[in-house]
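1. Give the three-dimensional model of this entry:
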Amino acid sequence: MSYTVILQQESDGGFVATVPSLPGCVSQGDTRPEVVANIREAIMVYIEDCIESGEEIPTEVGRETIEVESPA
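-> Next up is the predicted model:
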């Protein structure tokens, strides 16, 4: 499974990560590698909770990522 993760750098230098397709799935870390590891774990816990409660696992159907080169 693949999920889009939004990373935001905080004013104190730490990071917050959210997963738009998984409401409430948020984590933080002091460094970029740490927040990525933490949000990966949070995603796994979220999916496990969905399975245990019999809920459907959210997907990102219809979402695309497009990269473009800078015109400069």
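
2. where along this structure do the strands fall?
-> 6-9, 15-18, 26-29 (DSSP state E).

3. What is the last one packed up against?
-> Secondary structure elements in contact with strand 26-29, counted by 3 or more Cβ pairs under 8 Å, 6 or more residues apart in numbering; DSSP states H and E, are strand 15-18, helix 32-53. Any C-beta I mention is one placed from the backbone N, CA and C, and that applies to glycine too.

4. Tell me which of those lies nearest to Ile6.
-> Ile6 sits nearest to strand 15-18 of all those, at 4.9 Å, using Cβ to Cβ.

5. Please identify the pairing partners of that closest one and their relative orientation?
-> Here strand 15-18 has these sheet partners by DSSP bridges: strand 6-9 (antiparallel), strand 26-29 (antiparallel).

6. What residues of the last one count as buried?
-> The one in question is strand 26-29. By 16 or more other Cβ atoms under 10 Å, the buried positions in strand 26-29 come out as Ser27, Gln28, Gly29.

7. Give me the nearest residue to Gln8, chain neighbours excluded.
-> For Gln8, ignoring the flanking residues on the chain, the nearest one in space by Cβ to Cβ, 6 or more residues apart in numbering is Val16 at 5.0 Å.

8. correct me, but the one you found touches Asn38?
-> No - Val16 lies out of contact with Asn38 (Cβ atoms under 8 Å); the separation is 10.0 Å.

9. overlap in contacts of the two?
-> Here Val16 and Asn38 share the contacting residues Ser27, Gln28, scored by Cβ atoms under 8 Å, 6 or more residues apart in numbering.

10. Need the distance between the two termini of stretch 12-31.
-> Taking Cα to Cα, to the nearest Å, stretch 12-31 runs 11 Å from one end to the other.

11. Name the surrounding residues that touch it.
-> Where contact means Cβ under 8 Å, 6+ apart, the residues beyond stretch 12-31 that reach it are 3-10, 32, 34-39, 41-43, 46, 58-60, 63.

12. Centre of the chain to that stretch, how far?
-> Offset of stretch 12-31 from its chain centre (Cα atoms, centre = their mean, to the nearest Å): 7 Å.

13. Can you list the buried residues in that stretch?
-> Neighbour counts over stretch 12-31 (16+ other Cβ under 10 Å) mark Phe15, Val16, Ala17, Thr18, Val19, Ser21, Leu22, Cys25, Ser27, Gln28, Gly29 as buried.

14. Nice, that's everything, thank you.
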